[in-house]
Structures are given as C-alpha cells and as structure tokens.
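**Student:** For reference, the sequence and a predicted model appear below.
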Amino acid sequence: MWFIPHEHEHWLHVWIPLFSAFIWFATLWALLITWLASGRPHYVSQDGNIAYISDVGADILKPLFIVGCSITGVSFFLSSAIERWLRHEGRLVANMRRRERVLATLAIIFAFVGMCGLILLSIFDTKRHPSLHRVFLLVFILGVGLSAIFTVAEYRWISHDFVEIRKLKTLYIAKGTIAGILILLAIAFAITLFQATDPGAVLEWTIAFGFTFYILTFFFDLRMAKGVHKGELSRQRLLAMRERGQGLTADLEVNAAGDRGHENGLANTLANGHANGAVTNGYPTDTAANGHIQTNDINGSSAFVPGHTPIAYPGNARAANTASAGYH
C-alpha cells in the first residue's frame with residue numbers, strides 16, 4: 001500500500017493467520033473452560049461423559065461459537081488465497097509449472113469448502129440439526145484436509161526446483177508434518193465417533209487445538225514476502241537467473257534485508273564521491289579513475305581539470321569570470 005513503508009507491507013498479510021489462530025484458540029478455550037467451570041454438565045446432545053466441542057457450542061455459547069468459527073474459516077481461506085496471490089505477484093517464489101498452479105488452485109478451492117463447512121456446522125448445531133451438523137463437520141474435515149494435501153504437494157514441487165531455499169523446505173516439512181498428524185487423528189476420530197464416544201471427544205478437542213498450529217504455518221509462509229518487491233521472484237526472472245547459473249539464496253537474503261542494502265550502497269557511493277560525481281561545498285571530493293579532478297562552487301556548478309591540482313571556484317559568477325580571465 002502507498003501509505004505503508006515497503007519493509008512493513010508484509011504485516012498486512014501475516015496479521016490474518018495470526019488473528020485467525022488467536023480467535024480460534026480463544027474460542028476453544030472459552031468453550032472448554034465454560035464446560036469445566038460449570039461442573040462438567042451433561043448436555044442434551046451429549047452421549048458420553050466428555051462433551052464434544054459442538055455440544056458446548058450448541059448451548060448458551062452458540063453466538064460465540066458461530067463468530068469464532070466464521071472468523072477462523074474466512075481467515076483460513078484468505079491466508080490460502082493471499083499466499084497464491086503473492087506468488088502470482090512475484091513476492092513469493094513463483095510456481096514454475098502448470099501442475100503447481102493447479103495444486104495451488106485446488107488448495108484454495110478446498111480451503112473455501114472447509115470455510116463453508118466450519119461456518120455451517122456452527123450454525124446447524126448438533127442439538128437442533130444433528131444430521132446436518134455431522135454432514136458439515138465432514139465437509140469441514142475433508143475441505144481442510146484436502147487443502148492441506150494440495151498445499152504441501154505444491155510446496156514440495158517448488159522446493160524441488162529451488163533446493164537451496166532452506167526456509168521453504170523447512171516450511172514444507174513443518175506444514176506436511178502438522179497436516180499429516182491432523183489427518184491421521186481425523187481418521188481415528190471418524191472411527192471412534194460411532195465406536196467410542198469419550199475417546200472421540202478427546203480426539204476432537206486435540207484436533208481442534210492442533211488446527212491452530214496449522215493456521216500459524218501461514219504466518220511463516222506469508223512472512224517470506226518481507227522486503228521483496230513485486231516481480232522480484234516472478235517466473236520470468238527466476239528462469240533468467242537459472243539460465244545465468246545464478247543462485248536464488250543470495251537474492252532472497254538481499255530481499256530479506258529489505259531496502260537496507262540499497263540505502264547502504266547509496267551512502268557508500270555518496271561517501272566516495274567520485275562514483276556519482278558528488279561534491280561538497282565547492283571543494284573536490286575525489287579523483288576519478290581517468291585522472292580528472294571534480295570541483296564545485298557553492299552554487300552547484302562543477303568542472304573537471306585533467307591532471308592538475310584541485311581548483312576551488314569562487315561562489316559567484318562574476319568572481320568566477322574574473323578568475324577564468326586571469327585577472328586578480
């Protein structure tokens with residue numbers, strides 16, 4: 001944005017998954033603490049001794065449950081969409097092949113499906129709409145699970161193209177590990193949901209809290225755009241770098257430093273003087289490579305005198321003309 005310094009623009013993006021993770025985590029704790037503080041009551045929709053998230057969310061805290069699920073679902077979808085947009089803009093490592101773009105698109109589509117499932121399962125609660133609630137719970141689990149699989153697959157192919165990017169490989173492994181654990185727990189939850197009620201409730205709470213960590217992985221994804229200008233990591237530029245045999249690691253390290261390298265380079269140039277022809281208060285600043293000496297008067301004019309001692313020009317045009325004519 002034009003009103004935000006470039007080095008801070010990435011915070012517009014990373015706040016979304018941070019806010020989403022905070023809201024989701026706070027919502028879960030509010031539900032759990034309410035159930036525990038109330039003496040572990042047995043809700044109408046509850047089958048076992050341990051209340052499910054939906055059992056607590058279908059009671060007096062239903063408005064909080066709907067708001068928390070809505071914010072989390074929308075933020076999760078936006079995080080996935082923004083990650084794709086930053087790759088398209090060249091502020092994150094671009095997709096090099098069509099299959100990577102297809103995987104990214106599928107990840108966004110199923111993130112949207114998961115968002116809809118999460119919002120709808122909170123509205124159609126297990127107390128009043130038990131059948132619809134379970135359908136939308138399945139939609140949410142499948143949507144998020146498939147989105148995670150396609151996202152991890154996309155990252156795998158990107159890191160395969162640029163094996164020297166350590167951060168990207170670390171993110172791919174972390175995201176894949178968290179998603180894999182949650183998917184396995186979700187499969188176990190689906191089995192225990194009808195076979196063992198209390199273990200199913202424990203698994204549901206565990207998966208829900210674990211989902212917070214998966215959301216947080218998007219914070220590190222989007223933060224990689226810090227200090228990177230539009231187009232710096234575009235597909236065309238990366239292909240050109242590959243043809244020249246230029247590594248991407250050094251380029252990313254410069255981008256991570258923001259504009260500080262450019263500012264330091266400019267400061268060094270001004271300090272040396274001769275590189276950009278900089279001068280100070282009418283006195284020569286340095287000698288150029290060809291033996292010319294640059295001088296400047298206080299009005300900003302300058303001259304190069306080949307192979308001679310620096311000449312300090314006077315500060316006004318009349319005095320300058322007199323000196324040039326040889327008069328004293």
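**Tutor:** Sure, I can see it.
**Student:** Tell me how far residue 141 lies from residue 69.
**Tutor:** The spacing between residue 141 and residue 69, counted by C-beta to C-beta, to the nearest Å, is 14 Å. In this view, the C-beta of every residue, glycine as well, is placed from N, C-alpha and C.
**Student:** Then residue 22?
**Tutor:** For residue 22, the distance to residue 69 - C-beta to C-beta - is 14 Å.
**Student:** Neighbour count for the two, which is higher?
**Tutor:** residue 69 (24 against 16; other C-beta atoms under 10 Å).
**Student:** And that one, which helix or strand is it part of?
**Tutor:** According to DSSP states H and E, residue 69 maps onto helix 62-89.
**Student:** now do residue 193
**Tutor:** Judged by DSSP H and E, residue 193 forms part of helix 166-195.
**Student:** tell me what that helix is packed against?
**Tutor:** Helix 166-195 sits against helix 130-161, helix 197-223, with contacts defined as 3 or more C-beta pairs under 8 Å, 6 or more residues apart in numbering; DSSP states H and E.
**Student:** what is the orientation angle of that helix with helix 130-161?
**Tutor:** Computed by axes from the mean of the first three to the mean of the last three C-alpha atoms, to 10 degrees, the angle separating helix 166-195 from helix 130-161 equals 160 degrees.
**Student:** avg pLDDT for helix 166-195?
**Tutor:** Throughout helix 166-195, pLDDT has a mean value of 87.
**Student:** Over to stretch 56-69?
**Tutor:** Taken as a whole, stretch 56-69 has an average pLDDT of 93.
**Student:** For the stretch 1-150 of the chain, give me the ranges with low pLDDT.
**Tutor:** For the stretch 1-150 of the chain, residues meeting the criterion pLDDT under 70 lie at 1-11, 94.
**Student:** again, only using 90
**Tutor:** Along the stretch 1-150 of the chain, segments meeting pLDDT under 90 span 1-15, 38-39, 42-49, 59-60, 83-101, 125-128, 130.
**Student:** Backbone torsions only: list them for residue 127.
**Tutor:** Dihedral pair for residue 127: phi -80, psi -40, per degrees, to the nearest 10.
**Student:** For it, which non-adjacent residue is spatially closest?
**Tutor:** residue 58 (3.8 Å; C-beta to C-beta, 6 or more residues apart in numbering).
**Student:** show me the contacts for that neighbour.
**Tutor:** With contacts defined as C-beta atoms under 8 Å, 6 or more residues apart in numbering, the neighbours of residue 58 are 43, 45, 65, 125-128.
**Student:** For residue 102, see how far away residue 63 is.
**Tutor:** Residue 63 sits at a distance of 39 Å from residue 102 (criterion: C-beta to C-beta).
**Student:** Of those two, which one has the most company?
**Tutor:** Between residue 63 and residue 102, residue 102 has the larger neighbour count (other C-beta under 10 Å), namely 14 against 10.
**Student:** Can you tell me the SS state at that one?
**Tutor:** The three-state assignment at residue 102 reads helix, by DSSP: H, G, I helix; E, B strand; the rest coil.
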